[in-house]
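Q: After the sequence you'll find the predicted model.
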Amino acid sequence: MEQYVIRGGNPLVGEVEIGGAKNAALAILTAAVMTDEPVLIDNLPDVSDINVLLEAISVIGATVERIDRHTVRINGSTIGSISVDYEFIKKIRASYYLLGALLGKYKKAEVPLPGGCNIGSRPIDQHLKGFRALGAKVDILHGAILASAENLTGNHIFLDMVSVGATINIMMAAAMAKGNTIIENAAREPHVVDVANFLNSMGANIKGAGTDVIRIRGVEALHGTSYSIVPDMIEAGTYMFAAAATKGDVLIKNVIPKHLEAMTAKLEEIGCDVEEFDDAVRVSATKRLGRTHVKTLPYPGFPTDMQPQISVALALANGTSIVTESIFENRFKYADELTRMGACVKVEGNTAIIDGVRGFTGARVSAPDLRAGAALVIAGLAAEGITIVDDIVYIQRGYEDFEGKLKGLGAEIEKVSSEKEIQKYKLQIV
């Protein structure tokens, strides 16, 4: 099992390049199998979630050709199976996008119920409601979702709650349904827009992505395309709050500043300087941060995927902050780990009351999930002394070369795989 060993106390200074959005890439890779022509996708992040999904796609028979670290060519004409193996689903929740893609193309699909990060209940009832509205018969048998239809027919679908996954899955299936589909109360996240743009580049007819009403006119077939994935706003936000927590000065390149507005507003509120450029943002913090209140909301609100990172910054701020998590109920599992480093965090239901402290001290902590793992690394970078972060397999699911990019900003961080290596690192830096 690999760990990060961090010697904290250095402000992060310099430039960092942001990769493609993992959450957009996962959906786009599955949508790529909906045509029998080759599809070239670049700006892919090289993270374990992407690699697992590409393996799942190749196992059902699609041709997957890795051209380089960030580029892949997929051809869905060779698919021989509409049944996805449980081994992939338990590793990566987003494999459920194959339901919408395979149902749209072949009018049938079989996908096990999903796994992924344990951050709370993420029901897929809205996905199934959407498929049924399009005319599919959907059953759950032996731990798998079986969906099939003679024909898919467009319909008016109102989502009971805003769901990124359901919006994307229904959009994919509806792209090849007969007639018109309207999705109301649709998710507005940038990666929903990116998936719609990708499908449109393959010949789909989708309008309104990025608003809460998406209109889809079904087409008979999709064609090949070349597409570049949008930059990852969550990776960018993570470095923005890392700069804030370590009193650093970081230029974050290859971003879309519009996507980062919720994070930018909070950083300015707590006393950071944020400078926006065409495709970059610069975050600097010269004094102790101030308090604020945060509530996670669907886009364009403050993202749930950034909640642990801002909480680390607020745990070092002057005063008491309240963080309310309105999306996932298990998102505060990192609070106990942060307390081990000297933070003062009290969790009550879906709310964390954070009394800021002057500083953290290094400790051994464990990453409970992807974003909380990244937040604990930020805490370690800001702490005095040595921090060891266990279970970094979660972090590697969503951050490409995390330790390498942090080192480029002056962080003292090493990836190790044994207690012996941890001791060796400690001896080196004494």
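A: Received it, and whenever you're ready, just let me know what you need. Keep in mind it's a predicted model, so treat the numbers as computed, not measured.

Q: which phi and psi does residue 89 have?
A: Phi and psi for residue 89, reported as degrees, to the nearest 10, are phi -60, psi -40.

Q: Then residue 111?
A: Torsion angles, degrees, to the nearest 10, at residue 111: phi -130, psi 130.

Q: From the rest of the structure, what touches stretch 331-348?
A: With contacts defined as C-beta atoms under 8 Å, 6 or more residues apart in numbering, stretch 331-348 is touched by 119-120, 296, 304, 307-308, 311-312, 315, 325, 352-357, 359-369, 372, 375-376, 379-380, 383, 387. Yep, even glycine has a C-beta here, placed from its N, CA and C like the rest.

Q: Show me where the stretch 201-350 of the chain has its strands.
A: Remark: strands assigned in the stretch 201-350 of the chain by DSSP state E, counting those that start in this stretch are 205-207, 213-217, 225-228, 249-253, 273-276, 280-284, 293-295, 320-324, 344-348.

Q: The second one: partners in the sheet, and parallel or antiparallel?
A: Strand partners for strand 213-217, identified by DSSP bridges, are recorded as strand 180-184 (antiparallel), strand 205-207 (antiparallel).

Q: so where's the chain uncertain?
A: 115-122, 429-430 (pLDDT under 70).

Q: do you know which of the strands of the stretch 201-350 of the chain lies nearest residue 188?
A: Residue 188 lies closest, by C-beta to C-beta, to one member of these: strand 213-217, at 9.5 Å.

Q: and the contacts of stretch 331-348, which are buried?
A: 119-120, 296, 304, 307-308, 311-312, 315, 325, 352, 354, 356-357, 360, 362-363, 365-369, 372, 375-376, 379-380, 383, 387 (16 or more other C-beta atoms under 10 Å).

Q: What about those, which are in strands?
A: Those of those mapping onto strands are 352, 354, 365, 366, 387, per DSSP state E.

Q: Does the third one touch residue 391 like I think?
A: No: between residue 365 and residue 391 no contact is recorded; they are 9.3 Å apart, counting by C-beta atoms under 8 Å.

Q: anything in contact with each of the two?
A: With C-beta under 8 Å, 6+ apart, residue 365 and residue 391 have no common neighbours.

Q: If we go by neighbour counts, what in stretch 207-224 is buried?
A: 208, 209, 210, 214, 215, 216, 217, 218, 219, 222, 224.

Q: just stretch 298-307 next, same as before
A: Under 16+ other C-beta under 10 Å, the buried positions of stretch 298-307 are 298, 299, 302, 303, 304, 305, 306, 307.

Q: Same question for stretch 315-327.
A: Within stretch 315-327, the residues that count as buried by 16+ other C-beta under 10 Å are 315, 316, 317, 321, 323, 325, 326, 327.

Q: mind giving me TSV with those residues and columns for distance to residue 169?
A: What follows is the buried residues of stretch 315-327, written out as TSV (distance: C-beta to C-beta, whole Å):
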residue	distance to residue 169
315	36
316	39
317	39
321	36
323	30
325	24
326	22
327	18
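
Q: between these, which is closest to residue 105?
A: Distances from residue 105 to these, taken by C-beta to C-beta, are shortest for residue 327, at 30.7 Å.

Q: For this protein, which segments count as helices?
A: 22-31, 48-59, 86-91, 97-106, 125-133, 164-175, 190-201, 233-245, 261-269, 307-314, 335-340, 370-382, 402-407, 419-429 (DSSP state H).

Q: can I get the ones you listed in a markdown table with distance to residue 13?
A: Shown next, in a markdown table, are those (distance: least, C-beta to C-beta, whole Å):
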| stretch | distance to residue 13 |
| --- | --- |
| helix 22-31 | 26 |
| helix 48-59 | 29 |
| helix 86-91 | 36 |
| helix 97-106 | 39 |
| helix 125-133 | 44 |
| helix 164-175 | 34 |
| helix 190-201 | 28 |
| helix 233-245 | 9 |
| helix 261-269 | 17 |
| helix 307-314 | 17 |
| helix 335-340 | 24 |
| helix 370-382 | 12 |
| helix 402-407 | 12 |
| helix 419-429 | 19 |
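
Q: and residue 12, which of those is closest to it?
A: Closest approach to residue 12 among the helices of the chain (C-beta to C-beta): helix 233-245, 5.4 Å.

Q: And the closest one, what's buried?
A: Those buried within helix 233-245 under the rule 16+ other C-beta under 10 Å are 233-245.

Q: for those, which one is nearest residue 54?
A: Nearest to residue 54 among those: residue 235, at 19.3 Å, using C-beta to C-beta.

Q: isn't that closest one right up against residue 18?
A: Yes: with contacts counted by C-beta under 8 Å, residue 235 reaches residue 18, the gap being 5.2 Å.

Q: circling back: deepest-packed of the strands paired with strand 213-217, please.
A: strand 180-184 (a mean of 19; mean count of other C-beta atoms under 10 Å).

Q: how big is the angle separating that strand from helix 125-133?
A: Inter-element angle recorded for strand 180-184 and helix 125-133: 160 degrees (by axes from the mean of the first three to the mean of the last three C-alpha atoms, to 10 degrees).

Q: Touching strand 180-184 from outside, list them.
A: So strand 180-184 is in contact with 130, 134, 154-159, 167, 170-171, 174, 212-218, going by C-beta under 8 Å, 6+ apart.

Q: Stretch 76-83 too?
A: Contacts of stretch 76-83 (C-beta under 8 Å, 6+ apart): 32-37, 39, 59-63, 102, 105-106, 108-111, 144.

Q: Of these, which belong to strands?
A: 39, 63, 108, 109, 110, 111, 144.

Q: From the structure, what's the count of residues near the fifth one?
A: What it means is residue 110. Using other C-beta atoms under 10 Å, residue 110 has 20 other residues around it.

Q: okay but it is in contact with residue 145, surely?
A: Yes: if you go by C-beta under 8 Å, residue 110 and residue 145 touch, sitting 7.2 Å apart.

Q: quick one: common contacting residues for those two?
A: Residues within reach of residue 110 and of residue 145 at once, by C-beta under 8 Å, 6+ apart: there are none.

Q: first to last residue in stretch 363-377, what's the distance?
A: 11 Å (C-alpha to C-alpha, to the nearest Å).

Q: and stretch 4-13, which residues are buried?
A: Those would be 4, 5, 6, 7, 8, 10, 11, 12, 13, for stretch 4-13 by 16+ other C-beta under 10 Å.

Q: go on, stretch 327-336?
A: Residues of stretch 327-336 classed as buried by neighbour count (16+ other C-beta under 10 Å): 327, 328, 331, 332, 333, 334, 335.

Q: ok, back up a step: and which of the ones in strands among the contacts of stretch 76-83 is nearest residue 86?
A: residue 144 (7.7 Å).
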